[in-house]
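J.: model this:
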Amino acid sequence: MSNTIKILGIAGSLRKASTNRGVLRAAAELVPDGAEMEIFELNEIPPYNEDLEKDPPAIVTEFKKKIRASDAIVFVTPEYNYSISGVLKNAIDWASRPYGDSAWEGKPAAIMGVSGGAIATARAQYDLRKSMVFLNMHPLNRPEVMIGNSGEKFNSDGDLTDEKTKEFIAKQLKALVEWTRRLSSSE
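T.: Residues are numbered from 1 along each chain as shown. Next up, the predicted model:
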């Protein structure tokens, strides 16, 4: 790992004015000194098809390459039907296959999510954490970033406008960088 922590940011929403994508854009601007974030858009990743594992679409190969080149991952997930979005699950599945060739192996990760409801994306985030067990990822335990009541914190373009929320995101990113450094020094 270089001195600069390379973070790959992934939002589990495709909608242009998505508040979850807005959080990811804000996070990219809030990374602490000594870190940088690249955002990978999921809108070109096709539905997972096991028949294509040995010769995956070019976008999947690129996605796995970006994951492997990163030191840490930031997932921003909406909550659909009490779980993560199909878009995010699909991307996670592609990058974990074929068996034995998972790009997620050993990656530190932070999770964020936005919802209009009061409990935000708690259920989706906990489902994502369960997947990380199988993926052998190392999720940051705290601070958790679950942003509820989104109508009060975002503009109509999906941009985060709430300063307190930005401060909380910055704290999580600082903790992720520290977590990533700690894990890399124990290898």
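J.: Now the residue nearest the centre of the chain: closest residue in space that isn't a chain neighbour?
T.: Nearest residue to the geometric centre of the chain (CA atoms, centre = their mean): residue 75, 1.2 Å. Spatial nearest neighbour of residue 75, excluding adjacent residues (CB to CB, 6 or more residues apart in numbering): residue 111 at 5.0 Å. No exception for glycine: its C-beta is placed from N, CA and C like everyone else's.
J.: Now do the SS call for the residue nearest to the centre of the chain.
T.: strand (DSSP: H, G, I helix; E, B strand; the rest coil).
J.: before we move on, what about residue 37?
T.: Criterion first, three-state DSSP; result for residue 37: strand.
J.: That one and residue 133, how far apart?
T.: 25 Å (CB to CB, to the nearest Å).
J.: Next: residue 175.
T.: 20 Å.
J.: The two: who's more crowded?
T.: residue 175 (16 against 9; other CB atoms under 10 Å).
J.: doesn't residue 139 make contact with the more buried one?
T.: No - contact criterion CB atoms under 8 Å: residue 175 and residue 139 do not qualify, at 11.4 Å.
J.: between these two, what contacts are shared?
T.: Residues touching both residue 175 and residue 139 comprise residue 110, with contact defined as CB atoms under 8 Å, 6 or more residues apart in numbering.
J.: just how off-centre is stretch 76-96 within its chain?
T.: 10 Å (CA atoms, centre = their mean, to the nearest Å).
J.: Same question for stretch 74-90.
T.: On CA atoms, centre = their mean, the centre of stretch 74-90 falls 10 Å from that of its chain.
J.: what does stretch 87-97 give?
T.: On CA atoms, centre = their mean, the centre of stretch 87-97 falls 12 Å from the chain's centre.
J.: Kindly report the same for stretch 180-187.
T.: Taking mean C-alpha positions (CA atoms, centre = their mean), stretch 180-187 and its chain are 20 Å apart.
J.: So for that stretch, mean pLDDT?
T.: On average, the pLDDT along stretch 180-187 is 88.
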